[in-house]
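A.B. asks: Take a look and give me a structure for this.
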Amino acid sequence: MHNTIDLANVKNIVSQIVAAHDIKTVAFVGCGASSSELYPGYYFLKDAAQELRPFHYTAAEFNDDTPAWVNENAVIITCSLGGGTPETVKSNHVAKELGATVIAVTHAAGSALTKEADYVIVHDFERNYAAKVEKMGYVIALAVELLNQTEGYDNYDAMIEGFDKIFDLCEEAANHAKGFAAEFGRAYKDDEVIYYMSSGASLNVAYSSSICLMMEMQWVNSGSFHSGEFFHGPFEIVDKDVPFVLLMNDGKTRNIDARALTFLNRFDAKVTVVDAKDYALSGVVPGCVATYFNPMVHTAVFRTYAEALAEERQHPLTVRRYMWKLEY
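C.D. replies: Residues are numbered from 1 along each chain as shown. Below you'll find the model as predicted:
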C-alpha cells in the first residue's frame, strides 16, 4: 500500500501560472464538503504567507459579491466532487471573465467544473479511506507550491516529506479506528443532536462533519464551532450526557482543544475525541508542519465513525430527501 498524489503535476501547473502572471491573491471557492476541504489550503497560506493573500469563499457569495481583486493576478481554486455543483461551476465563469487563472479539482474528469478551468486535477475517492482525502491533499499541495514559487517557503521540504507519508498514515489510522467507530455508532445512534468542534486547519472538518455527515447524510440536528470560541457562548449548553465530538489537533492549536475538553469532562458531557496524536501524526510527518496535516487524519478517521453511525441507525450515508431530487 502506498497512497500518494501527483506532486510533479502540481509543481508543473504552478510553474506555468507564475511564469505567465504576477500572482498576488489565491481564493479557495466551493460549497459544502468541498468548501471545507478547501479550507486547509487557505489555512496554510493564512499561516505561512508573508505577501500572498489567501481568501476562502462559499461559491454563491463569490458569485454574487465578487471581490474587487479578482483579476489576472489572482488564482481561483475550485472544488466539486462530482464536478456539477452549479454555484461552483458559475464561479469558474465569473473568475475567467475577470481574467483570473482557474484550477478545478474534481473526481469527475470531463464534468462541468472542468469546462472553463485553465487547469484540472482529477482525484480518486472510492478506492480507500486515503483516497477520500486526496482532494484535500491536492489543495494543500497547490497552496504550498504557490507560496514556494512566489515568495519562498522555509519548510517546503518538510511539507513534501509530509505528503509522501500522510496518505498511508490516513489509511492505517482509519482502519485502526474502526473499533472506536463502532463504539461511537452504538453510543450516539439515538441522540437527537450532536455538536462538533475543532481548531486550526481542522476547523472545517468539524463544520463539514456537522452539516454534511450529520445533517445532510443522517438527518441529525447538529452544530459546530471553533474550540477557541467554545468559552464565548457554546459552553453554556454543556451538561451531563450532552453529545459532543472533539477533533483534537496534534500541533500548534492543541492547547485550545485541550482546554475545551477539560471543561466538557468537568461537567460529564458525552464526549468522543478523535485525536490526531493518537495516530502519531507528528511522529510520522515532520513536527514543524504537522499542524497542516491534521484535517487529513481527522477526515479519514471520522469517515469510519460516520459509517458506523449510519449502520447503527440503518440510514445509509447516500440517502437524501431533497438533494438531487428537487429544484431548489
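
A.B. asks: show me where this structure has strands.
C.D. replies: Taking DSSP state E, the strands of the chain run over residues 25-30, 53-58, 74-80, 101-106, 119-122, 193-198, 221-226, 243-248, 270-275.

A.B. asks: For the shortest one, which outside residues touch it?
C.D. replies: Taking contacts as CB atoms under 8 Å, 6 or more residues apart in numbering, the residues outside strand 119-122 that touch it are 9-10, 13, 16-17, 101-109, 114, 138, 142. In this view, the C-beta of every residue, glycine as well, is placed from N, C-alpha and C.

A.B. asks: Quickly run through the sheet partners of it, with directions.
C.D. replies: Strands that pair with strand 119-122, judged by DSSP bridges, come out as strand 101-106 (parallel).

A.B. asks: got the CA positions of the strand it pairs with in PDB?
C.D. replies: Extracted in PDB, the C-alpha atoms of strand 101-106 (Å, rounded to 0.1, in the frame of the first residue of the first chain):
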ATOM      1  CA  THR A 101      -6.500  31.700 -13.600                       C
ATOM      2  CA  VAL A 102      -8.800  28.900 -12.500                       C
ATOM      3  CA  ILE A 103      -7.700  25.500 -11.200                       C
ATOM      4  CA  ALA A 104     -10.500  22.900 -10.800                       C
ATOM      5  CA  VAL A 105     -10.100  20.000  -8.500                       C
ATOM      6  CA  THR A 106     -12.700  17.200  -9.000                       C
END
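
A.B. asks: That strand versus strand 74-80: what angle between them?
C.D. replies: 20 degrees (axes from the mean of the first three to the mean of the last three CA atoms, to 10 degrees).

A.B. asks: ok and strand 101-106 relative to strand 25-30, angle-wise?
C.D. replies: Going by the same axes, to 10 degrees, strand 101-106 makes 30 degrees with strand 25-30.

A.B. asks: How far does strand 101-106 sit from its chain's centre?
C.D. replies: 16 Å (CA atoms, centre = their mean, to the nearest Å).

A.B. asks: Excluding chain neighbours, what is closest to residue 261?
C.D. replies: Spatially, and ignoring its direct neighbours in sequence, residue 261 is nearest to residue 246 (5.7 Å; CB to CB, 6 or more residues apart in numbering).

A.B. asks: my guess is the one you found meets residue 198, correct?
C.D. replies: Yes. At 6.9 Å, residue 246 counts as touching residue 198 under the criterion of CB atoms under 8 Å.

A.B. asks: if I look at the closest residue to residue 82 other than its chain neighbours, how far off is residue 223?
C.D. replies: Closest residue to residue 82 apart from its sequence neighbours, by CB to CB, 6+ apart: residue 108 at 5.3 Å. Distance of residue 108 to residue 223, computed by CB to CB, to the nearest Å: 31 Å.

A.B. asks: what does residue 229 give?
C.D. replies: Distance from residue 229 to residue 223, by CB to CB: 12 Å.

A.B. asks: First-to-last residue distance for stretch 127-140?
C.D. replies: 21 Å (CA to CA, to the nearest Å).

A.B. asks: Ok, stretch 99-113 next?
C.D. replies: From its first residue to its last, stretch 99-113 covers 17 Å (CA to CA).

A.B. asks: Show the contacting residues for the residue nearest the centre of the chain.
C.D. replies: For the chain, the residue nearest the mean C-alpha position is residue 37 (2.7 Å; CA atoms, centre = their mean). Taking CB under 8 Å, 6+ apart as the criterion, residue 37 is in contact with 30, 79, 135-136, 139, 204, 208, 299.

A.B. asks: ok, now how distant is it from residue 298?
C.D. replies: 12 Å.

A.B. asks: any idea which of the strands of the chain is most buried?
C.D. replies: Neighbour counts (mean count of other CB atoms under 10 Å) averaged over each of these peak at strand 74-80, with a mean of 28.

A.B. asks: Sheet-wise, list the partners of that strand with their directions.
C.D. replies: Assessed with DSSP bridges, strand 74-80 is paired to strand 25-30 (parallel), strand 101-106 (parallel).

A.B. asks: I would like the residues contacting it, please.
C.D. replies: The contact list for strand 74-80, computed with CB under 8 Å, 6+ apart, reads 17, 23-31, 34-35, 37-38, 41, 59, 70, 88-89, 91-92, 95, 98, 100-106, 108, 111, 113, 117, 135, 139, 142, 146.

A.B. asks: residues touching residue 103, list them.
C.D. replies: The neighbours of residue 103, taking CB under 8 Å, 6+ apart as the test, are 13, 75-78, 117-121, 142.

A.B. asks: could I get these as a markdown table with distance to residue 261 and pLDDT?
C.D. replies: A markdown table is the format used below for those (distance: CB to CB, whole Å; pLDDT from 0 to 100):
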| residue | distance to residue 261 | pLDDT |
| --- | --- | --- |
| 13 | 40 | 98 |
| 75 | 38 | 98 |
| 76 | 37 | 98 |
| 77 | 33 | 98 |
| 78 | 35 | 98 |
| 117 | 42 | 98 |
| 118 | 44 | 98 |
| 119 | 41 | 98 |
| 120 | 41 | 98 |
| 121 | 36 | 97 |
| 142 | 33 | 98 |
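
A.B. asks: Cheers, nothing more for now.
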